[in-house]
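Colleague: Let me see the structure of the following:
(chains A, B and C)
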Amino acid sequence: MKQPGDTRMDTLLANPALQLFGITYLILVLKMVAVGSYTSIMRTRRGVYATPEDYELQGATPKGGDEDIERARRAHRNDLENILPFFGVGLLYALGNPSMFAARIYFIGYMLARILHSVFYIRSMQPHRTIAFGVALLLMLAMLVTTLVRLV
Amino acid sequence: MKQPGDTRMDTLLANPALQLFGITYLILVLKMVAVGSYTSIMRTRRGVYATPEDYELQGATPKGGDEDIERARRAHRNDLENILPFFGVGLLYALGNPSMFAARIYFIGYMLARILHSVFYIRSMQPHRTIAFGVALLLMLAMLVTTLVRLV
Amino acid sequence: MKQPGDTRMDTLLANPALQLFGITYLILVLKMVAVGSYTSIMRTRRGVYATPEDYELQGATPKGGDEDIERARRAHRNDLENILPFFGVGLLYALGNPSMFAARIYFIGYMLARILHSVFYIRSMQPHRTIAFGVALLLMLAMLVTTLVRLV
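Modeller: Sure thing, here's the model as predicted:
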């Protein structure tokens, strides 16, 4: 038999906006892990590591930086600056009972824009990267302002 | 007619501590976006970009780093190291039904200290920057310990 | 007398999986603060600062980078890339009413692996650091996939 507490938890994730938010956020975390793993794979392939003990472990001679590895690290840092603040913004937005029409545009649009941003960043595609960055930022700001107005 | 699920969501954001937390967090995300945008504006003005494709897009000749841009990037990284962990700490603190007197001091104090930290960082004002950093950190640690004691 | 809203809040943190998640997350934030503070202490001891105004404040002559300080900063950045996304993943996982047996393995295992990761990173211990990193990442991905399957 279910406890009352369990029911409330079920109810929380049964909120359709929160459910959609959860799905898009988790896919974006997978995307961030993919960028991080791409960096690790490139380090192994090119023999360019971050620390002396890594060179020792691999029996390799220390080298200078690699442009593609630095590019992947910048894409990852841009994710930290954007996707991580989005978690709080999207969660608070979803808790405010938005219309599912708006929630779908915001969450799915944000997810797609950030996935494209990573692809464009790693493939050095400009101005595509800046456009994807701008679209995602505007969607997050729209969610943020909507939630702020509701809360104040 | 409202669904029971909707009512619960409304109730969640109707918790006054959670509401105040939401407002202060969203304002701090706006502040982080401001620091990031300031970096972008400085890059355009000074013609100092992060990647070769950005130089190509702008038709500019690659240059070395710029001290003010690096300063803004450090302020932004300091936000990632502090404001992002604060989201989880503040959310869990607010869910624990704190007194509104304490919640106001913690949330508003944290928000003001972090806004001042960015201003002091970008204007190179020391020891003001270190004091603002320390005040915000102490407030977050106080919330963290209070919540940890409540949960254990 | 308690308000219905209060009861729901209490109920939310009374969810044992959420409670355990809160405890492990808060301990990991303490660990991140410890890595950040270690960096600050090393800067003061070795007289190696991040900005010209810090050198001025300390009355010290600017120096080049210090390998141990850069190592601590990399450990801190690795925390940002891993522990911060874990907050959202763990919270959504806990809200999905997992079995407490699984929740204990995931949350406590993740916490221990990330604490060891910092110790191994700062002490330059390889391949220990990579193993701790991998264990934590696999535990987070298992939570992520479990939650995603439940939400879709």
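
Colleague: quick one: A:A60 and chain C, what's the gap?
Modeller: Distance of A:A60 to chain C, computed by Cβ to the nearest Cβ, to the nearest Å: 13 Å. Yep, even glycine has a C-beta here, placed from its N, CA and C like the rest.

Colleague: got a list of what A:Q19 touches?
Modeller: By Cβ atoms under 8 Å, 6 or more residues apart in numbering or on different chains, A:Q19 lies in contact with A:13, C:151.

Colleague: What is the burial count for the closest residue to A:R104 other than its chain neighbours?
Modeller: Excluding the flanking residues, the one nearest A:R104 by Cβ to Cβ, 6 or more residues apart in numbering or on different chains is A:L20, at 6.7 Å. Residues lying near A:L20 (other Cβ atoms under 10 Å in any protein chain shown) number 21.

Colleague: In the helix or strand A:L20 falls within, which residues are buried?
Modeller: Remark: A:L20 resides in helix A:16-46, with elements defined by DSSP states H and E. Under the neighbour-count criterion of 16 or more other Cβ atoms under 10 Å in any protein chain shown, helix A:16-46 has A:17-29, A:31-33, A:35-36, A:38-39, A:42-43 buried.

Colleague: quick one: that helix to chain centroid distance?
Modeller: Here helix A:16-46 is found 7 Å from its chain centre; the criterion is Cα atoms, centre = their mean, to the nearest Å.

Colleague: Check stretch A:57-65 too.
Modeller: Chain-centre distance of stretch A:57-65: 30 Å, with Cα atoms, centre = their mean.

Colleague: Over to stretch A:126-142?
Modeller: Centroid separation between stretch A:126-142 and its chain, computed with Cα atoms, centre = their mean, is 13 Å.

Colleague: in it, what's buried?
Modeller: By 16+ other Cβ under 10 Å, the buried positions in stretch A:126-142 come out as A:126, A:128-130, A:132-133, A:135-137, A:139-140, A:142.

Colleague: Which ones among these map onto helices?
Modeller: A:128-130, A:132-133, A:135-137, A:139-140, A:142 (DSSP state H).

Colleague: Chain B contacts on chain A?
Modeller: Residues of chain A lying near chain B by Cβ under 8 Å from any Cβ of the partner chain: A:8, A:11-12, A:14-15, A:18, A:67, A:71, A:74, A:80-81, A:84-85, A:87-89, A:92, A:95-97, A:124-127, A:129-130, A:137, A:141, A:144, A:147-148, A:150-152.

Colleague: Now name the helix or strand holding A:Y106.
Modeller: Taking DSSP H and E as the criterion, A:Y106 maps to helix A:100-122.

Colleague: and that helix, what's its mean pLDDT?
Modeller: Taken as a whole, helix A:100-122 carries a mean pLDDT of 97.

Colleague: Output that helix as CSV, restricted to C-alpha atoms.
Modeller: Extracted in CSV, the C-alpha atoms of helix A:100-122 (Å, rounded to 0.1, in the frame of the first residue of the first chain):
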residue,chain,number,x,y,z
MET,A,100,1.8,23.2,-21.7
PHE,A,101,1.9,25.0,-25.1
ALA,A,102,4.3,27.5,-23.7
ALA,A,103,6.2,24.9,-21.7
ARG,A,104,6.8,22.8,-24.8
ILE,A,105,8.1,25.7,-26.9
TYR,A,106,10.5,26.8,-24.1
PHE,A,107,11.8,23.4,-22.9
ILE,A,108,12.1,21.7,-26.3
GLY,A,109,13.3,24.9,-28.0
TYR,A,110,16.0,25.4,-25.3
MET,A,111,17.1,21.7,-25.5
LEU,A,112,17.5,21.8,-29.3
ALA,A,113,19.3,25.2,-29.3
ARG,A,114,21.8,24.0,-26.7
ILE,A,115,22.4,20.7,-28.6
LEU,A,116,23.0,22.6,-31.8
HIS,A,117,25.3,25.0,-29.9
SER,A,118,27.6,22.2,-29.0
VAL,A,119,27.6,20.7,-32.5
PHE,A,120,28.3,24.2,-34.0
TYR,A,121,31.0,24.9,-31.4
ILE,A,122,32.9,21.7,-32.0
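
Colleague: and it with helix A:16-46, angle?
Modeller: Put simply, helix A:100-122 runs at 10 degrees to helix A:16-46, going by axes from the mean of the first three to the mean of the last three Cα atoms, to 10 degrees.

Colleague: Quick one: neighbours of A:A75, just the number.
Modeller: A:A75 has 22 neighbours, counted by other Cβ under 10 Å.

Colleague: wait, A:G59
Modeller: Per other Cβ under 10 Å, the neighbour tally for A:G59 reads 7.

Colleague: Could I get the phi/psi values of it?
Modeller: Per-residue torsions, A:G59: phi 60, psi 30 (degrees, to the nearest 10).

Colleague: Spell out which residues of chain A are next to chain C.
Modeller: A:4-6, A:8-10, A:12-13, A:19, A:22-23, A:25-27, A:29-30, A:32-33, A:36, A:50-54, A:56-57, A:76, A:80, A:83-84, A:87, A:91.

Colleague: pretty sure A:A142 contacts A:I105?
Modeller: No. The pair A:A142 / A:I105 is not scored as a contact, 9.2 Å apart, by Cβ atoms under 8 Å.

Colleague: From C:N78, how far out is A:P62?
Modeller: For A:P62, the distance to C:N78 equals 20 Å [Cβ to Cβ, to the nearest Å].

Colleague: so where's chain A uncertain?
Modeller: For chain A, applying pLDDT under 70 flags the ranges A:1-11.

Colleague: let's see 90
Modeller: Applying pLDDT under 90 to chain A flags the ranges A:1-15, A:44-68, A:97, A:126, A:152.

Colleague: Can you mark which positions in the helix holding A:Y106 are buried?
Modeller: Neighbour counts over helix A:100-122 (16+ other Cβ under 10 Å) mark A:103, A:106-107, A:109-118, A:120-122 as buried.

Colleague: Run through the neighbouring helices and strands of it.
Modeller: Identification of packing neighbours for helix A:100-122 by 3 or more Cβ pairs under 8 Å, 6 or more residues apart in numbering or on different chains; DSSP states H and E yields helix A:16-46, helix A:67-95, helix A:128-151.

Colleague: can you list the residues that contact the following helix or strand past the longest one?
Modeller: Helices and strands here follow DSSP H and E; after helix A:16-46, the next one along the chain is helix A:52-58. With contacts defined as Cβ under 8 Å, 6+ apart, helix A:52-58 is touched by A:43-44, A:47, A:49, A:61-62, C:67, C:124-127, C:129-130.
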